[in-house]
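>>> Generate coordinates for the sequence data below:
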Amino acid sequence: MLNGIADIDWAHLDIDWIAFCRGEESYEHIPGDLHEVGSSDAKVAGDARRDLLAEIQVWSGYVTPVAEFVMPFLVELARTSGVHGRVDLLRALGDLCDPRRAHGPGQPRAHAVIAAHSERLLPLLSDQDPKIRSYAAYAVARSGPHTGGAIAARWKVETDSEVRAALLSGLVLIDPACAERMAASGEAAGVRLAGSLAAACAGLGLPPSDIAHVSEAFVASDGDWRAWPGYLPTLTEVLDELDLGTARTLADTIRPAAGAALRRSLAAALADRFSRSRSAPSSLIDVVRDLLGDADPAVRKSAVDAAKSAGEAALHAAGELAAVAADTRDRHTAEAALELLVRLDHPLYREPLLTAWSVGHYPGVWGEPFLPRFDPSVLAGARERLGGPAPGPSSSLFVGCLIGTRDRDHSTPQLLKLLAFWGADAAAAVPEILLTLPRLPFDAVNALAAIGPAAAEAVPALTEIADGGEVKAGHALLRITGDPGPLVAAAAQVLPTKPRFVNFDLHLAAEAGPAARPLVPLVLPWLSEDSDVLPRDQVAVARLLWNATGDPDLVLPTLRRTVSIDFVRKDEVGLLLAELPPVPDLLPSLWQTIRSGGDGLIGAARAAWRWGESPDELAATLVPLFAAQIYGDPGILDLIAEMGAASAVPGLTELADRDERQVTWTGRGLSWEDDSLRHRIRETVTTLISGTR
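Predicted structure coming up:
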């Protein structure tokens, strides 16, 4: 067994950066691991198998380049009777062939090797163990369409229902339009579900006559059946593939007969589709509304999660969310529902919020950037809340982890952020904000600065803090009084000490403009090439010097050095260059940054435009980069609109009109971010079109 393993120079195979970050120095241990996977000792084999699979597929499915060299031996081990964990090996082989579950430069090469050796796995379709047959069907089908004949032949004689379901899933993968839909009532529930998935994936939909027995199959399996091991539940896959009308009918048919577990699965399946499709929430939100009124608290929790995934369409469930928010028997679910009402800026959030405050509960529901508009009744409640005794820990564990305030008060910082968002409208709360100043200085000062001149009552307290060298307080005084003196004086005290957050202080001090000239002698030496100041902090110094002096000769040498340095905030470099007179020899570096699509893209594009580059040429590069982003940076849209690049209209219109969500990664609510981005895209298109009339 494992013939040919010694023919590979394992010690000198290339180590990619992922493996290097994991501490890998060489792959010379791989042969030993492979031999141990074939050990007769189950523990030795299990440990080696776990380590080997982690070696070739790591970090959310990333496939390392060494995988292609391991695959022939993995196939041999998987097909050898007596080897422990053959099911795990077969599953790994199937996973490595699936781009949805595996990615990275090693994935297509590993897939190609598995496909080349897949014929050796075909005998496993007839193995005595039905579990081996099931997982073999998965691996063989995933390896490529050339295995379709063998899978079809086995389908004709297979009797085990779980194996038949796996075989049918394989046939569908290879030939989505195959005649083997198999939704017949004589088949087991799992096979009928595989038939429904076949119809959906083939684009055939579900005829009305099929919906009832497909629903029965889901109910019989309680939603726990999966087409292939490790995959999303078939309910999720089918609802994701069906047209919205059929999906709604199927969901409405399943829900009344479903047990609690299946109702939770239904909510999760809806959430999954909402996160992928922009049109799905408005079509399916009524199913979520029904689930929000479910008698089972776990189902209600799943329904709130689904409503959150619906984004702005959750507005149609505001009444049901308000009922959940008012039910304090499950505080965490109630708080999650309340947070959605706040995100929606729906008036129904006020009563449960103010009621919670009145009984001493302070839910953490203020999530940037989804903050509600100014409301006098909430401001009054906030003033009472801030003026009372400091509350205990927030009930939100997530908020508690993020905000480590000294007294474990996690709701007050959020409330101060809300007041800052309201700005001058929150001026009546200045006395209460001042009460929080000793224990939450950062958040309180931020709020006072945002309120601006209407916070004049805070000037004495802020002056005392600024006199102690607190730059943030001096900056707040600039916002409130217009006087840069306290800001410059505070910066003059603290900058010579090079504090830990000097970058932050430098940016604040730069807002003093020409009044910051007294700081120039303090920070100018920081720009020397032998300075121990970090490049990113040197860029902040350059910004301060430019704002203070307007002298490009003071800052250009630093910007030349940092324009191509990694680990520098390149957008800051580009934005500063955009304010300087054109420097033609830097244009190639700017275009390199733009085309890379990474950090500094917007600043570099702005500088290139200000220096005379064509808006349409820049837009031709920016729009595809924007479309490829998994988060969608609205700063690109702002720049395109400012440039008046009307040539971007067709591409942006296509992005706004498509059903597939553009935002596929965010920590603040995928559907919400995507809905917001879609509005921004359409606003940009409107601006560009109006500018051409």
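>>> Next secondary structure element downstream of the worst-scoring helix or strand of the chain on mean pLDDT?
One helix or strand of the chain scores below all others by mean pLDDT, DSSP states H and E: helix 397-402, with a mean of 35. Once helix 397-402 ends, the next helix or strand along the chain (criterion: DSSP states H and E) is helix 411-422.
>>> Export the helix ranked longest in the chain to PDB, keeping only CA atoms.
For the chain, the helix with the greatest residue count under DSSP state H is helix 670-691. Listed next in PDB are the C-alpha coordinates belonging to helix 670-691 (Å, rounded to 0.1, in the frame of the first residue of the first chain):
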ATOM      1  CA  LEU A 670     -25.600  41.300   5.500                       C
ATOM      2  CA  SER A 671     -29.100  42.100   4.100                       C
ATOM      3  CA  TRP A 672     -29.200  45.500   5.900                       C
ATOM      4  CA  GLU A 673     -25.800  46.500   4.500                       C
ATOM      5  CA  ASP A 674     -26.800  45.300   1.000                       C
ATOM      6  CA  ASP A 675     -30.200  47.200   1.100                       C
ATOM      7  CA  SER A 676     -28.400  50.300   2.200                       C
ATOM      8  CA  LEU A 677     -25.700  49.900  -0.500                       C
ATOM      9  CA  ARG A 678     -28.400  49.400  -3.200                       C
ATOM     10  CA  HIS A 679     -30.000  52.700  -2.200                       C
ATOM     11  CA  ARG A 680     -26.600  54.400  -2.500                       C
ATOM     12  CA  ILE A 681     -26.000  52.900  -5.900                       C
ATOM     13  CA  ARG A 682     -29.400  54.200  -7.200                       C
ATOM     14  CA  GLU A 683     -28.700  57.600  -5.600                       C
ATOM     15  CA  THR A 684     -25.400  57.700  -7.400                       C
ATOM     16  CA  VAL A 685     -27.000  56.800 -10.700                       C
ATOM     17  CA  THR A 686     -29.600  59.500 -10.300                       C
ATOM     18  CA  THR A 687     -26.900  62.100  -9.500                       C
ATOM     19  CA  LEU A 688     -24.900  61.100 -12.600                       C
ATOM     20  CA  ILE A 689     -28.000  61.100 -14.900                       C
ATOM     21  CA  SER A 690     -29.100  64.500 -13.600                       C
ATOM     22  CA  GLY A 691     -25.600  65.900 -14.200                       C
END
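>>> For it, give me every contacting residue.
274-275, 278, 281, 308-312, 343, 369-370, 631-632, 634, 637-638, 640-641, 644-646, 648-649, 652-653, 655-656, 661-664, 666 (CB atoms under 8 Å, 6 or more residues apart in numbering). The C-beta positions use only the backbone N, C-alpha and C, and glycine is treated the same way.
>>> Buried only: go through the residues you listed for me.
274-275, 278, 281, 308-312, 343, 370, 631-632, 634, 637-638, 640-641, 645-646, 648-649, 652-653, 655-656, 661-663 (16 or more other CB atoms under 10 Å).
>>> In strands, which of the residues you listed fall?
Of these, none are assigned to strands by DSSP state E.
>>> Just the ones of the residues you listed in helices?
Cross-referencing these against helices under DSSP H gives 274, 281, 308-309, 343, 634, 637-638, 640-641, 649, 652-653, 655-656.
>>> quick one, strands of the protein?
57-58, 62-63.
>>> and those, which one's lowest on average pLDDT?
Lowest mean pLDDT of the strands of the chain: strand 57-58, a mean of 75.
>>> Can you get me a residue count around the residue lying closest to L580 once chain neighbours are set aside?
Closest residue in space to L580, ignoring its immediate chain neighbours: P552 at 4.8 Å, by CB to CB, 6 or more residues apart in numbering. When neighbours are counted by other CB atoms under 10 Å, P552 registers 16.
>>> Please apply the same query to the one 5 residues further on.
Using other CB under 10 Å, the number of residues around P557 comes to 13.
>>> Any regions of the stretch 101-250 of the chain where pLDDT drops low?
Residue ranges of the stretch 101-250 of the chain with pLDDT under 70: 177-186, 225, 227-233.
>>> those helices in it, which residues are they?
For the stretch 101-250 of the chain, the helices defined by DSSP state H, counting those that start in this stretch occupy 106-117, 130-143, 148-157, 161-174, 189-201, 208-221, 234-241, 244-257.
>>> Can you lay out these as a markdown table showing distance to S676?
Formatted as a markdown table, these follow (distance: least, CB to CB, whole Å):
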| stretch | distance to S676 |
| --- | --- |
| helix 106-117 | 33 |
| helix 130-143 | 37 |
| helix 148-157 | 45 |
| helix 161-174 | 36 |
| helix 189-201 | 31 |
| helix 208-221 | 34 |
| helix 234-241 | 23 |
| helix 244-257 | 23 |
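>>> To H507, which of those lies closest?
helix 106-117 (42.0 Å; CB to CB).
>>> buried residues in that closest one?
Buried-residue list, helix 106-117, by 16+ other CB under 10 Å: G106, Q107, R109, A110, H111, V113, I114, A115, H117.
>>> How about stretch 336-352?
For stretch 336-352, by 16+ other CB under 10 Å, it's 336-344, 346, 348-350, 352.
>>> What is the most widely separated pair among those?
A336 and R350 (17.3 Å).
>>> now the helices: where do they sit in the stretch 301-450 of the chain?
318-326, 331-344, 350-358, 376-387, 397-402, 411-422, 430-436, 441-451.
>>> Between those, which has the poorest mean confidence score?
helix 397-402 (a mean of 35).
>>> Pull up the distance across stretch 102-122, start to finish.
Start-to-end span of stretch 102-122 (CA to CA, to the nearest Å) is 23 Å.
>>> can I see the domain layout of this structure?
Structural domains assigned to the chain are 1-158, 362-483, 485-562, 614-693, following automatic domain parsing.
>>> State the mean pLDDT of stretch 625-644.
Mean predicted confidence for stretch 625-644 is 93.
>>> Give me the contact list for that stretch.
So stretch 625-644 is in contact with 594, 597, 601-602, 605-606, 609, 615, 618-619, 622-623, 648, 651-652, 655, 662-666, 673-674, 677, 680-681, 683-684, 687-688, 691, going by CB under 8 Å, 6+ apart.
>>> Please list all residues in contact with L173.
Neighbouring residues of L173 by CB under 8 Å, 6+ apart: A141, R142.
>>> hmm, 10 Å instead?
98, 138, 141-142, 144-145, 147-148, 151, 198, 201, 227-228 (CB atoms under 10 Å, 6 or more residues apart in numbering).
>>> Quick check on those residues: which are buried?
Of the contacts of L173, these count as buried by 16+ other CB under 10 Å: D98, Y138, A141, R142, G144, T147, G148, I151, A198, C201, A227, W228.
>>> Pick the one among those residues closest to A424.
D98 (54.9 Å).
>>> that older thread, taking the ones in helices among the buried ones among the contacts of helix 670-691 together, which two end up most distant?
K308 and V649 (32.7 Å).
>>> Buried members of the contacts of stretch 625-644 into ChimeraX, please.
Applying 16+ other CB under 10 Å to the contacts of stretch 625-644 leaves a buried subset, and the ChimeraX line that selects it is:
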select :594,601,602,605,606,609,615,618,619,622,623,648,651,652,655,662,663,673,674,677,680,681,684,687,688
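>>> Report the backbone C-alpha coordinates of stretch 416-424 in PDB.
Written as PDB, here are the backbone C-alpha positions of stretch 416-424 (Å, rounded to 0.1, in the frame of the first residue of the first chain):
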ATOM      1  CA  LEU A 416     -24.000  58.300  24.200                       C
ATOM      2  CA  LYS A 417     -23.400  57.200  20.600                       C
ATOM      3  CA  LEU A 418     -27.100  57.700  19.800                       C
ATOM      4  CA  LEU A 419     -27.000  61.200  21.300                       C
ATOM      5  CA  ALA A 420     -23.900  61.900  19.200                       C
ATOM      6  CA  PHE A 421     -25.800  60.700  16.100                       C
ATOM      7  CA  TRP A 422     -28.600  63.100  16.900                       C
ATOM      8  CA  GLY A 423     -26.100  66.000  17.200                       C
ATOM      9  CA  ALA A 424     -27.600  69.400  18.100                       C
END
